[in-house]
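[1] quick check, what structure comes out for this input:
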Amino acid sequence: MISPDRKVIIFGLDSAPPELIFDKWLDYLPNIKNLVSNGIFGKLESTIPAITCPAWASMVTSTNPGKLGIYGFRNRNHYDYEGLCFVDSNTINAETIWSILSRYDKKTIVIGVPQTYPPKPVYNGHMVTCFLTPDKNCQYTYPADLKYEVERVSEGYILDVDNFRSGEKEDILNTVYEMTRKRFKLARHFIKNKEWDFFMMVEMGTDRIQHAFWGFFDNRHSMYFPGNKYENVIFDYYKYIDEEIGKTLALLDKDTIVLIVSDHGAKMMEGGICINEWLINNGYLKLVHYPEEITQINKHMIDWDKTMVWGEGGYYGRLFFNVKGREPRGVIPKQNYEFLRNELITALEDLRDEKGQSINTKVFKPEEIYSECRNIPPDLIVYYGDLSWRSIGSVGHNTIWTNENDTGSDDANHAQHGIFVMYDDNGYHSERRDDLKIMDVAPTVLDRMGIEIPPYMEGNVIK
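    Now for the predicted structure:
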């Protein structure tokens with residue numbers, strides 16, 4: 001345990017991949033490289049699923065998604081057919097780093113960390129909520145009057161890039177830069193003008209720019225052609241992020257502990273697999289009428305008396321079973337539940353592309369990957385092609401395979417490993433680690449700040 005007087009700052013870069021930061025572009029990112037060269041760094045294994053919610057929540061609580069009861073942005077509230085409900089800060093049932101530190105009279109500042117809307121009281125601290133905030137007419141700061149300072153300093157704060165899945169590439173690019181500039185400007189203002197012991201900010205621009213422009217720089221992508229207008233967009237943006245981090249580091253005391261983390265990584269999206277089309281073709285799902293055009297599936301389209309399984313789309317797939325005595329019109333006898341799950345796992349993991357090659361799909365039973373499962377977990381979680389393929393939930397495709405995302409233009413999918421960098425002036429010299437996990441971050445921060453680690457935390461202190 002380190003001195004309790006040490007400060008800690010965390011720069012969160014949503015979706016930043018180690019393959020780009022460490023292996024490809026590090027020499028062009030001098031400020032990040034300096035931290036890497038004098039600290040611990042490596043791939044940071046994310047949660048399953050590797051998605052913003054629950055990954056950031058697991059990071060700041062050191063609690064697995066099952067114990068949090070959060071299996072994605074949207075989750076089932078009841079065993080019915082009413083669809084899924086969005087998560088928010090009230091969904092998190094474990095203490096965050098900043099709430100623990102507040103109990104020890106540590107002053108905290110939190111900017112943009114996902115799942116902080118609506119803002120909860122931050123004793124001894126300040127908060128600006130995240131991209132899940134519906135709009136700026138909502139209360140998005142704590143205390144409430146902090147909003148006026150945020151707007152004044154940033155000259156119009158930007159919560160997110162709302163159109164990052166549209167074809168408006170120039171507008172997306174301009175908004176990403178403007179959002180990032182305003183967020184770092186605000187962060188530096190807080191660093192200089194407010195007392196703090198712990199500071200954490202998350203920048204969403206890294207995620208948004210990758211989803212919008214990955215196909216323009218990755219020469220393996222079907223959209224790529226050399227010399228295109230946007231070929232260097234992601235590279236240039238990471239250089240800009242590095243500059244913003246450098247300007248911020250210049251304001252810190254030399255003994256401040258600095259972390260750079262991401263919640264998961266990113267990779268090229270090879271295409272989409274229509275999860276409900278596959279279920280229809282294999283006799284697990286029955287529609288009342290098959291649509292004449294591509295349509296998002298809903299409860300009114302499904303013949304529940306003849307349906308065993310339905311699915312949800314996203315960067316990963318989720319399957320829900322229609323079980324007798326559990327769902328209102330369940331058809332699967334409870335004694336057949338496990339047999340059916342195993343049958344589906346075998347079939348999905350053997351899924352082959354149009355050339356007959358296995359795509360390396362992975363399927364998970366929630367109770368086998370989490371210490372417990374609160375709320376209502378999916379019956380199965382599916383990583384198509386180990387996250388190289390997106391799960392497409394809509395129907396009307398008349399095929400299982402698609403090259404496009406069904407919720408807007410998207411070139412990238414998520415990857416299981418994000419990044420971790422920690423500089424704490426302890427004499428480390430570029431120590432690369434391969435055993436780092438997302439739930440290690442919270443106990444490591446508490447340890448470095450001299451705070452007792454709660455026994456429920458699941459991660460390990462990174463020594």
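
[2] in this protein, which helix has the most residues?
    The residue-count maximum for a helix in the chain (DSSP state H) belongs to helix 169-193.

[3] what's the following helix or strand after that one?
    Stepping forward along the backbone from helix 169-193, the first helix or strand reached (DSSP states H and E) is strand 198-203.

[4] sorry, back to before: same question for the longest helix of the chain, mean pLDDT?
    When pLDDT is averaged over helix 169-193, the result is 97.

[5] please apply the same query to stretch 417-434.
    For stretch 417-434, mean pLDDT is 86.

[6] could you list the residues in contact with it?
    2, 6, 13, 15-18, 21-22, 32, 35-46, 55, 254-255, 257-265, 436, 438, 441, 444, 448, 462 (C-beta atoms under 8 Å, 6 or more residues apart in numbering). Quick note: C-beta positions are derived from backbone N, CA and C, even for glycine.

[7] again, only this time at 6 Å
    The contact list for stretch 417-434 (C-beta atoms under 6 Å, 6 or more residues apart in numbering) reads 16, 18, 21, 35-46, 255, 257-265, 436.

[8] where in this structure is pLDDT low?
    For the chain, the stretches with pLDDT under 70 are 1-4, 425-428.

[9] and the strand or helix carrying His126, how far out from the chain's middle?
    For His126, the host element (DSSP H and E) is strand 125-128. Strand 125-128 sits 21 Å away from the centroid of its parent chain (C-alpha atoms, centre = their mean, to the nearest Å).

[10] sheet partners, orientation included, of the helix or strand that comes right after that strand?
    Sequence order places strand 141-142 as the next helix or strand after strand 125-128, per DSSP H and E. Partner strands and pairing direction for strand 141-142 (DSSP bridges) are strand 125-128 (antiparallel).

[11] quick one: the residue nearest to Leu26 when sequence neighbours are not counted from Trp25, how far?
    Distance criterion C-beta to C-beta, 6 or more residues apart in numbering; nearest residue to Leu26, sequence neighbours excluded, is Lys33 at 5.1 Å. Using C-beta to C-beta, to the nearest Å, we find Lys33 at a distance of 9 Å from Trp25.

[12] same question, Asn31
    Separation of Asn31 from Trp25 (C-beta to C-beta) stands at 13 Å.

[13] got it, and Glu404?
    Applying C-beta to C-beta, the value for Glu404 to Trp25 is 28 Å.

[14] now Leu84
    Leu84 sits 37 Å away from Trp25, going by C-beta to C-beta.

[15] so where do the strands sit in the stretch 201-350 of the chain?
    Under the criterion DSSP state E, counting those that start in this stretch, strands of the stretch 201-350 of the chain are mapped to 257-261, 265-268, 271-274, 309-312, 317-321.

[16] mean neighbour count and distance to Asp162 for those strands - can I get that in TSV?
    Listed next are the strands of the stretch 201-350 of the chain as TSV, based on neighbours: other C-beta atoms under 10 Å; distance: least, C-beta to C-beta, whole Å:
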stretch	mean neighbour count	distance to Asp162
strand 257-261	23	25
strand 265-268	24	20
strand 271-274	24	22
strand 309-312	24	22
strand 317-321	24	25
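
[17] make CSV from these and add distance to Ile280 to it.
    What follows is the strands of the stretch 201-350 of the chain, written out as CSV (distance: least, C-beta to C-beta, whole Å):
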stretch, distance to Ile280
strand 257-261, 41
strand 265-268, 28
strand 271-274, 9
strand 309-312, 10
strand 317-321, 13
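
[18] right, and those strands - which one's nearest Leu173?
    Nearest to Leu173 among these is strand 265-268 (17.1 Å), distances taken as C-beta to C-beta.

[19] how far does the closest one sit from the chain's center?
    Relative to the centre of its chain, strand 265-268 is centred 12 Å away, using C-alpha atoms, centre = their mean.

[20] do stretch 431-445 as well
    In this view, stretch 431-445 has its centroid 17 Å away from the chain centroid, taken as C-alpha atoms, centre = their mean.

[21] return the alpha-carbon coordinates of that stretch using CSV.
    C-alpha atoms of stretch 431-445 as CSV (Å, rounded to 0.1, in the frame of the first residue of the first chain):
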residue,chain,number,x,y,z
GLU,A,431,7.2,-3.6,-17.9
ARG,A,432,4.7,-5.3,-20.3
ARG,A,433,2.2,-7.5,-18.5
ASP,A,434,-0.1,-10.1,-20.0
ASP,A,435,-2.2,-10.9,-16.9
LEU,A,436,-4.2,-7.7,-16.5
LYS,A,437,-8.0,-7.7,-16.0
ILE,A,438,-10.5,-4.9,-16.0
MET,A,439,-11.6,-5.6,-12.4
ASP,A,440,-8.0,-5.1,-11.3
VAL,A,441,-8.3,-1.3,-11.8
ALA,A,442,-10.4,-0.4,-8.8
PRO,A,443,-8.4,-2.3,-6.1
THR,A,444,-5.1,-1.1,-7.7
VAL,A,445,-6.2,2.6,-7.4
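
[22] of all the residues in that stretch, which ones are buried?
    Residues 436-445 are the ones in stretch 431-445 that count as buried (16 or more other C-beta atoms under 10 Å).

[23] out of those, who's nearest Glu367?
    Met439 (18.2 Å).

[24] contact partners for the residue most central in space within the chain?
    The structure's the chain has its C-alpha centroid closest to Thr52; by C-alpha atoms, centre = their mean the separation is 1.7 Å. Contacts for Thr52 (C-beta under 6 Å, 6+ apart) come out as 114, 263.

[25] got the phi and psi for it?
    phi -50, psi -50 (degrees, to the nearest 10).

[26] follow-up on the earlier one: please identify the buried residues of the longest helix of the chain?
    Neighbour counts over helix 169-193 (16+ other C-beta under 10 Å) mark 169, 172-173, 175-176, 178-188, 190-191 as buried.

[27] that one vs strand 198-203, what angle?
    170 degrees (axes from the mean of the first three to the mean of the last three C-alpha atoms, to 10 degrees).

[28] mind giving me the packing neighbours of helix 169-193?
    Helix 169-193 is packed against helix 146-154, strand 198-203, helix 205-217, with contacts defined by 3 or more C-beta pairs under 6 Å, 6 or more residues apart in numbering; DSSP states H and E.

[29] got a list of what Leu446 touches?
    Ile453.

[30] from Glu404, how far out is it?
    Leu446 is 44 Å from Glu404, by C-beta to C-beta.

[31] before we move on, what about Ile158?
    Ile158 is 28 Å from Glu404, by C-beta to C-beta.

[32] send the alpha carbons of stretch 12-28 over as CSV?
    Extracted C-alpha coordinates of stretch 12-28, given in CSV (Å, rounded to 0.1, in the frame of the first residue of the first chain):
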residue,chain,number,x,y,z
GLY,A,12,-10.3,6.5,-20.1
LEU,A,13,-10.3,6.0,-23.9
ASP,A,14,-13.4,4.1,-24.8
SER,A,15,-12.6,1.1,-27.1
ALA,A,16,-8.9,1.9,-27.5
PRO,A,17,-7.2,-1.3,-28.9
PRO,A,18,-3.8,-2.4,-27.8
GLU,A,19,-2.9,-3.5,-31.3
LEU,A,20,-3.0,0.1,-32.4
ILE,A,21,-1.7,1.9,-29.3
PHE,A,22,1.1,-0.5,-28.3
ASP,A,23,2.0,-2.4,-31.4
LYS,A,24,1.5,0.0,-34.3
TRP,A,25,1.4,3.7,-33.4
LEU,A,26,3.2,4.1,-30.0
ASP,A,27,6.2,5.9,-31.6
TYR,A,28,3.8,8.5,-32.9
